[in-house]
Structure formats: structure tokens, C-alpha cells
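> give me coordinates for this.
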Amino acid sequence: MNSYIDNSVVIGNNVKLGENVVIKAGCVLEDNITVENNVYIDIGTIVHSNVTIGENTTVGAQCILGEYLADFYEDRTNKGHPLIIGKNSLIRSESIIYGENRLGDYLQTGHRVTIREYSKIGEHVRIGTLSDIQGYCEIQDYVSMHSNVHIGMKSTIKKYAMLFPYVVLTNDPNPPSNSLLGVTIEEFAVVATGSIILPGKVIGAEALVGAGSVVTKDVLPSTIVFGNPAREHGETKEIKNQLNGEHVYPWKYTFCRGLPWDGIGYDRWMKDNGED
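This next block holds a predicted model:
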């Protein structure tokens, strides 16, 4: 595929375009931008200054990359906040990603996702349609967030955690206040649909928060909690498949779609990577 830059595209100063780049009609690329090889940018996307788009990335229509931070509105001047988007990413239409972000390889968003500033996002992260990451967050590798998830400022979500639709991570213990306490979701934890996690709470590794829960206390590792307020209801190892009665937790041994042990199993993958 040869490069194609539509005649209507506006390109600023010091813009570096790699090979096999496609930029469709109505796009605007401001100054000091790097677009690496095999990048596709669809109709009407705006790329503000100081953005790097990694190779093999697809950007959907009407996105804004490198969105202004609050300091822009002091004098309407872009203060040069960089945005780095890793390679092999897929950013679907109408997503808005602010400056001062570093996003890992293989990021995948749904439509109309917002990622605010100072978020550190690892590799193979999936962020569902209409989800909102409110900045100053850490989201580690292979985290999966479904649609309409709200991640409050200062949250930490560790590797392989899953958040299902309409989950809310709060951060203000005495609203309104300036004393923000981010939620921590540990590795392999699952937070089911419609749950609310109160400020500063920790969801332990491999725990399960049942649908519609309000979590007011820390959740121990490998524990099932649900309800409002959420209470303990045993250990996750007791969970069985409702169709065949087989044990399904720890889920890393029974679920692999989109994960690095897909097709080989968790134990084999751990062995191949030198883990006990």
C-alpha cells in the first residue's frame, strides 16, 4: 500500500510521516508530530502538536489526539504536552485522548472513549465504548474494560483485571473535596456489571465483585463479594460453571481469549516464560 494524503489535509511544521501512511479527508495535523509506518487516520481527525503515533496503528474518524490540558485555556496556547501512542493500536471513532499520556502497544478502544492526562497505560489494554479514564491513573498490561466504565482519577488497575459495563471507580471520600483517594484493582480481579467501588478501596487479587455491588471495604484476595453494601460470600474457588458444574476459578485456567496464554493454557505459558 502506498501513502495517501488527501488534498484537504492540513499539515503543520515538523511533521514526520512514515511509509504507507493514509490520512483521509478533513484531517488536521499540527506541529511536531510523528506518524510512523503503516498508520491509517480516518476522516476528520485532529492531531494536536507533540503527538507520536506508533506503526501499524489505525485511528478512526473524528478523533482528537493530544487534546489540550486545562493550561491551554489560560492563554489559548498549547504548552507542548506530549502524547505517545504505541504500535499496533486501534483507536475507534470519536475518541479523545489528551496530551501528557503514554499508551502502550496494542491499545484498543471502543467508540467515544476519553483518556485524560497523566495516564500510564500498558500493553494490550482494551477500553470499551463510552468509557472515561479521568487521568493520573495507572492501567497495566492486558486490562480489559467493557463499555461505559468510569475510572476515577488516581486509580490503579493491575495486570489481567477485568471491569465489566457501567463499573465506577470513585475517588472523593468527602465530596466535594481535594483529598482524592484512588481505587486499586489487583491482578486477575473481576468487577462485574454496575458495581461502584468507593474511594481508596482495594480489590484483592483474583477476587470477584458481583454485579450491582457497592464496595465500602477492602476485598480480600480470592474472595467473592456482592450486595449493597458488598459482603463476603465465600471464596472464588467455589464458583462453578452454571452449565456444566465445573469449577471456573481461578479463571486464568479456564479463560484465555485475547490473553497471552491463548491456545496453550496458563500453566504452559508460565513455564515457557520461566515462571514457577
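> show me where the stretch 1-150 of the chain has helices.
72-75 (DSSP state H, counting those that start in this stretch).
> and what of the stretch 151-276 of the chain?
266-272.
> in it, where is pLDDT below threshold?
275-276 (pLDDT under 70).
> how about 50 then?
Within the stretch 151-276 of the chain, not a single segment meets pLDDT under 50.
> name the residues linked to Phe226 by a beta bridge.
Arg231 (DSSP bridges).
> do I have it right that it meets His233?
Yes - counting by CB atoms under 8 Å, His233 is a contact partner of Phe226 at 6.2 Å. The way it works is simple: take the backbone N, C-alpha and C, and place the C-beta from them, glycine included.
> neighbour count for those two, which is higher?
It is Phe226, of Phe226 and His233, that has more neighbours when counted by other CB atoms under 10 Å, with 18 against 13.
> and Met1, what's its pLDDT?
Met1 is assigned a predicted lDDT (pLDDT) of 59.
> about what we covered before: intersection of neighbour lists for Phe226 and His233?
Common neighbours of Phe226 and His233 (criterion: CB atoms under 8 Å, 6 or more residues apart in numbering): Gly210.
> can you count the residues close to Val22?
16.
> residues contacting it?
Neighbours of Val22 in contact, by CB under 8 Å, 6+ apart: Met1, Ser3, Tyr4, Ile5, Val39, Tyr40, Ile41.
> that one pairs with what?
For Val22, the beta-bridge partners under DSSP bridges are Tyr4, Tyr40.
> what's the spacing between Gln134 and Gly122?
18 Å (CB to CB, to the nearest Å).
> dig out what Ile197 forms beta bridges with.
Here Ile197, judged by DSSP bridges, has bridge partners Leu169, Val215.
> is it true that it touches Thr184?
No - counting by CB under 8 Å, Ile197 stays clear of Thr184, with 9.3 Å between them.
> anything in contact with each of the two?
Ile203.
> compute the distance between the closest residue to Pro260 other than its chain neighbours and Tyr160, please.
Nearest residue to Pro260 in three dimensions, chain neighbours excluded: Trp269, at 6.0 Å (CB to CB, 6 or more residues apart in numbering). Distance, Trp269 to Tyr160, using CB to CB: 12 Å.
> show me which of the two is the more surrounded one.
Per other CB under 10 Å, whichever of Trp269 and Tyr160 has more neighbours is Tyr160, with 22 against 17.
> quick one: residues contacting that one.
Asp141, Tyr142, Val143, Glu187, Phe188, Lys252, Leu259.
> can we see that at 10 Å?
124, 140-144, 186-190, 205-206, 251-252, 259-260 (CB atoms under 10 Å, 6 or more residues apart in numbering).
> do the same with Ile41
Applying CB under 10 Å, 6+ apart, the residues near Ile41 are 5-6, 9, 21-24, 27, 29, 35, 47, 53, 57-61, 63, 65, 91.
> which of the residues you listed count as buried?
9, 21-24, 27, 29, 35, 47, 53, 57-61, 63, 65, 91 (16 or more other CB atoms under 10 Å).
> any idea how far the spatially most central residue of the chain is from Gly258?
Geometric centre of the chain, nearest residue: Ile127, 4.3 Å, by CA atoms, centre = their mean. As judged by CB to CB, Ile127 and Gly258 stand 13 Å apart.
> mutual contacts of those two, please.
By CB under 10 Å, 6+ apart, the residues touching both Ile127 and Gly258 are Gln108, Ser144.
> for Ile197 and Thr184, indicate the residue with more neighbours.
More crowded of Ile197 and Thr184, by other CB under 10 Å: Ile197, with 27 against 21.
> residues in contact with that one?
Contacts of Ile197 (CB under 10 Å, 6+ apart): 152, 155, 163, 167-171, 183-185, 191, 203, 209, 213-216, 219, 230.
> alright, calling it a day.
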